[in-house]
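Chemist: Compute the structure for the input listed below.
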Amino acid sequence: MKTKLLILFVVLLINPISNYGQNTNNESCNADSKIINVPEGNGKQVTSDGVFSKGEWDDALKYTIADNFDIYMKADSEILYIGLKSAEPISQFGCEIRITSDEKEVFLLHVSGALAEGVSDFPATAKFEVNNNIFWEANYCKADPEKKAAWIEAGKPIEKSDMMYERKDGIEFKIYRKKFTDSSLKFTIGWIQVDIKGNQIDKKTYNYPTNATLENADNWVELILPEI
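Modeler: Numbers count the residues shown, from 1 in each chain. All right, here's what the predicted structure looks like:
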């Protein structure tokens, strides 16, 4: 049985991959766009639980950034919402956003088995502090204690590892705008998809934009947020 999951990673952005740019519901934006005008939402709040509930993201910009992955963006006067949605429900997952408003102070927002944050200048660091998330939130992997104990008792079989976790549609970020000094941001996101077939693991690394690096923000996407 083939199981898709996303797992913890440290540095993704130094290994670009091929681009799967495809337009969806906005003719002016796709995975090749360098500047994104993030739309002002209609007031519908997003619960950062990984469930892309009906109506939550209807007012968001949406386009495909990799095979089977769409990105969603919207903002209001207080929050920038970013969603990474998989075409198939996922159990374990890991993701990192790097974002800056002045191209000097870079925030690393890490999601896996916990939330974590790092702050640096350029070149951006891969270091972060676990259980630290100042002015942002997202859903993360939480194993069911009983299912985890049973998995450990069974000898930690790889093919059963995802059974400890509830499947989600993806990752939903809420980033409070008071974290930044400006309404213009530079942004990049990376994640890993893992296919498990029996006891074999096949990892696939994604970056958006695909040519982003940690050296500077030259190839990151510029996000223009609605004026407060």
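Chemist: now the most centrally placed residue in the chain, which residues is it bridged with?
Modeler: Computing the C-alpha centroid of the chain and ranking residues by C-alpha atoms, centre = their mean puts residue 95 first, at 4.7 Å. Using DSSP bridges, the bridge partners assigned to residue 95 are residue 111, residue 191.
Chemist: residues touching it, list them.
Modeler: 6, 84, 110-112, 138, 171, 189-191 (C-beta atoms under 8 Å, 6 or more residues apart in numbering). Glycine gets a C-beta too; all of them are placed from N, C-alpha and C.
Chemist: can I get these in a markdown table with neighbour count?
Modeler: Formatted as a markdown table, the contacts of residue 95 follow (neighbours: other C-beta atoms under 10 Å):
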| residue | neighbour count |
| --- | --- |
| 6 | 27 |
| 84 | 27 |
| 110 | 26 |
| 111 | 28 |
| 112 | 20 |
| 138 | 22 |
| 171 | 24 |
| 189 | 26 |
| 190 | 23 |
| 191 | 27 |
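Chemist: so who does residue 154 touch?
Modeler: residue 160.
Chemist: from what I can see residue 89 touches residue 162, true?
Modeler: No - counting by C-beta atoms under 8 Å, residue 89 does not reach residue 162; the two are 10.3 Å apart.
Chemist: Please say which of the two ends up with more neighbours.
Modeler: Neighbour count, other C-beta atoms under 10 Å: between residue 89 and residue 162, residue 162 has more, with 18 against 13.
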